[in-house]
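Student: Sharing a model prediction with you, sequence too.
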Amino acid sequence: MKSLINRSQEGQEATVDITPMLDVVFIMLIFFIVTATFTKESGIEVDKPSAATAVVKEKANILIAIDAENGIWLNRRKIDPRALRPNIERLHAENPKGTVVIQADKASRNEILVQVMDASRQAGVYDIALAAQVE
């Protein structure tokens with residue numbers, strides 16, 4: 001009789017229940033998504049000038065980039081300088097405590113930078129920062 005029981009148990013395959021492991025993986029995924037820091041990008045790569053006194057600005061909500069060809073970029077799209085002020089006003093209305101950070105390329109003209117700063121001030125945002133590369 002003993003040999004019959006052993007033979008029937010040998011015929012069954014051992015299985016591993018992976019449900020608890022999937023639960024743990026799912027909880028870890030949720031944890032990493034919730035705690036992840038999301039960075040806001042202007043949409044283009046800008047060669048920023050370097051500065052010895054550059055500091056990191058934590059609460060930058062409106063990022064404006066000026067490329068080497070003097071194009072103005074906002075929210076990953078190139079915009080006309082005349083449309084800059086209304087766009088800044090709209091973004092500032094969504095978050096009144098937001099600041100403007102201008103990422104100007106080394107090769108861009110100062111005239112464009114002044115236009116962007118002027119449009120920001122006309123839109124009611126006076127907290128303006130210039131992005132620089134930390135030395």
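Tutor: Received, thanks.

Student: And the chain, what are its domain boundaries?
Tutor: 2-35, 50-134 (automatic domain parsing).

Student: Pick out the shakiest of these, pLDDT-wise.
Tutor: Of all those, mean pLDDT reaches its minimum on domain 2-35 (a mean of 75).

Student: C-alpha coordinates for the longest helix along the chain, PDB please?
Tutor: Longest helix in the chain, counting residues (DSSP state H): helix 19-35. Coordinates of the C-alpha atoms in helix 19-35 are reproduced here as PDB (Å, rounded to 0.1, in the frame of the first residue of the first chain):
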ATOM      1  CA  THR A  19       0.900  35.500  -6.100                       C
ATOM      2  CA  PRO A  20       2.600  36.900  -2.900                       C
ATOM      3  CA  MET A  21       5.700  37.800  -5.000                       C
ATOM      4  CA  LEU A  22       3.500  39.600  -7.500                       C
ATOM      5  CA  ASP A  23       1.800  41.500  -4.700                       C
ATOM      6  CA  VAL A  24       5.200  42.600  -3.300                       C
ATOM      7  CA  VAL A  25       6.400  43.700  -6.800                       C
ATOM      8  CA  PHE A  26       3.200  45.700  -7.400                       C
ATOM      9  CA  ILE A  27       3.500  47.500  -4.000                       C
ATOM     10  CA  MET A  28       7.100  48.300  -4.800                       C
ATOM     11  CA  LEU A  29       6.100  49.700  -8.200                       C
ATOM     12  CA  ILE A  30       3.500  51.900  -6.600                       C
ATOM     13  CA  PHE A  31       6.000  53.100  -4.000                       C
ATOM     14  CA  PHE A  32       8.500  54.100  -6.600                       C
ATOM     15  CA  ILE A  33       6.000  55.900  -8.700                       C
ATOM     16  CA  VAL A  34       4.700  57.900  -5.700                       C
ATOM     17  CA  THR A  35       8.100  58.800  -4.500                       C
END
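
Student: returning to what we had before: please identify the most buried of the domains of the chain.
Tutor: Highest mean neighbour count of those: domain 50-134, a mean of 16 (counted as mean count of other CB atoms under 10 Å). Quick note: C-beta positions are derived from backbone N, CA and C, even for glycine.
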